[in-house]
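**Q** Build the 3D model from these lines:
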Amino acid sequence: MRRGLIVILTSLVIASAIGLYLMTTHQGARNVELIIRGVQVRFTLTSNAFDNGTYIPKKYTCDGENISPPLKWYGAPKGVVSYVLIVYDPDAPRGIFYHWLLYNIPANITSLPENIMKKGNTPYGLQGMNDFGKIGYGGPCPPPGKAHRYVFLLLALDTKVNLGSGASIEDLLRSIRGHVMAYAKLVGLYKRS
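**A** Below is the predicted model:
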């Protein structure tokens, strides 16, 4: 009995250490999916440009106008102070690739028009640095081959983000940890021949 307890406790310590390692390594610090682990409440995010699980129109990619698509959401819980929108490609060859960081979206906003301007401060919130090294939205632009998934992840927070415009994904994820009340996901696909 005592030996079994020791094995269980040892396993828990090892699992905790692995989790801590993942959160503190470079790739772990960039993994938005760790932020929503354990968050139970979900709401709905949609776009009139594409449906969940379908292809993103070329207009919103690097092969088209490379502008952000329109988005709309509903069903968020009461008490939201601000929203954060993170768009990423989990299928990128070198790990998660971040296409858009928009944060401090006011709680009273429930939609975004297409073509949010690519500057740090917008009427819809502040924008961070994407993995193209630019502020604002950078559309899908995968290497030729199979389709990639593009996750539009909207986080409802119980606080405002204490960062200026141009923040990195690492700083953004660090600042919102422990403040995510609920989330919504919309997934689009895109591939290049």
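**Q** so where do the helices sit in this structure?
**A** 2-24, 26-29, 32-36, 169-176 (DSSP state H).
**Q** which stretch in those helices is the model least sure about?
**A** The stretch with the lowest mean pLDDT among these is helix 2-24, at a mean of 47.
**Q** Isn't Ser175 up against Val161?
**A** Yes. Ser175 is within contact range of Val161, at 5.2 Å (criterion: C-beta atoms under 8 Å). Glycine gets a C-beta too; all of them are placed from N, C-alpha and C.
**Q** Contact partners for Glu65?
**A** Going by C-beta atoms under 8 Å, 6 or more residues apart in numbering, Glu65 touches 59, 115.
**Q** what's the distance between Gly164 and Gly120?
**A** As for Gly164, its distance to Gly120 is 8 Å (criterion: C-beta to C-beta, to the nearest Å).
**Q** distance of Gly128 from Arg42?
**A** Distance, Gly128 to Arg42, using C-beta to C-beta: 24 Å.
**Q** buried residues in stretch 180-193?
**A** 180-184, 186-190 (16 or more other C-beta atoms under 10 Å).
**Q** okay, the residues you listed in TSV with pLDDT and distance to Gly138 next?
**A** Output for the buried residues of stretch 180-193, formatted as TSV (pLDDT from 0 to 100; distance: C-beta to C-beta, whole Å):
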residue	pLDDT	distance to Gly138
Val180	97	24
Met181	97	28
Ala182	97	26
Tyr183	98	22
Ala184	98	21
Leu186	98	17
Val187	98	17
Gly188	98	14
Leu189	98	17
Tyr190	98	13
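**Q** Between Gly164 and Gly120, which contacts overlap?
**A** Taking C-beta under 8 Å, 6+ apart as the criterion, Gly164 and Gly120 both touch Leu126.
**Q** Could you pull up the contacting residues of the spatially most central residue of the chain?
**A** Of all residues in the chain, the one closest to the mean position by C-alpha atoms, centre = their mean is Ile86, 2.8 Å from it. By C-beta under 8 Å, 6+ apart, the contact set of Ile86 is 32, 98, 100-102, 153, 155, 169, 172.
**Q** With distance to Tyr60 and neighbour count added, can I get these in a markdown table?
**A** Formatted as a markdown table, these follow (distance: C-beta to C-beta, whole Å; neighbours: other C-beta atoms under 10 Å):
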| residue | distance to Tyr60 | neighbour count |
| --- | --- | --- |
| Val32 | 20 | 22 |
| Tyr98 | 16 | 21 |
| Trp100 | 11 | 22 |
| Leu101 | 17 | 31 |
| Leu102 | 15 | 24 |
| Leu153 | 16 | 19 |
| Leu155 | 21 | 25 |
| Ile169 | 20 | 21 |
| Leu172 | 22 | 24 |
